[in-house]
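>>> the following block contains a protein sequence and its predicted model.
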Amino acid sequence: MSESYIERALLKIARQINAYDEASLMDLWEKYAEKVRRFEPTKRWEESALLFGIIQGMRLKNQLFNYNWAQSRKPEPVGDIDLAALTVPSRTPVGDVPPTAAKEPGEVPEKPSRAGKVLKLQPKKK
């Protein structure tokens, strides 16, 4: 599938932005955060808001990259991987009650735990 003109243009911009280091962009964070805080219905404000979003996007990209890189570098515990769980579909017949469902009428079912990580998106303090 071929890329559209706009997609090629945006990819070019992304490559150019990615060539800058995060520290250089973060030096501009406060300046553009303040410009965006003070709304005015002008093109200058719109451009400031877009630039602020680009700075935030670079920060997010780097945080996601660092997090995923660290996760990929962790050694996997030996013997803790259930290979069958990765390849074999669940054998729970349709209509069976899953183990986390309520056992008694009126009882609230247990919620499965969902571990997650919140990434904080704030500029570094100087």
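Alright, I've got the coordinates.
>>> from Thr42, how far out is Leu10?
Distance, Leu10 to Thr42, using CB to CB, to the nearest Å: 24 Å. For glycine as for every other residue, the C-beta is placed from the backbone atoms N, C-alpha and C.
>>> those two: which is more packed in?
Leu10 (12 against 9; other CB atoms under 10 Å).
>>> packing partners of the helix or strand hosting the more buried one?
Assigned by DSSP states H and E, Leu10 belongs to helix 5-18. Identification of packing neighbours for helix 5-18 by 3 or more CB pairs under 8 Å, 6 or more residues apart in numbering; DSSP states H and E yields helix 43-73.
>>> hang on, the earlier thing: just the buried positions in the helix or strand following the helix holding Leu10, please.
Following helix 5-18 in sequence order, the next helix or strand is helix 22-26 (DSSP H and E). For helix 22-26, the neighbour count (16 or more other CB atoms under 10 Å) marks Leu25, Met26 as buried.
>>> now the angle from the helix or strand just after helix 22-26 to helix 43-73?
Later in the chain than helix 22-26, the nearest helix or strand by DSSP H and E is helix 29-37. Between the axes of helix 29-37 and helix 43-73, defined by axes from the mean of the first three to the mean of the last three CA atoms, to 10 degrees, the angle is 130 degrees.
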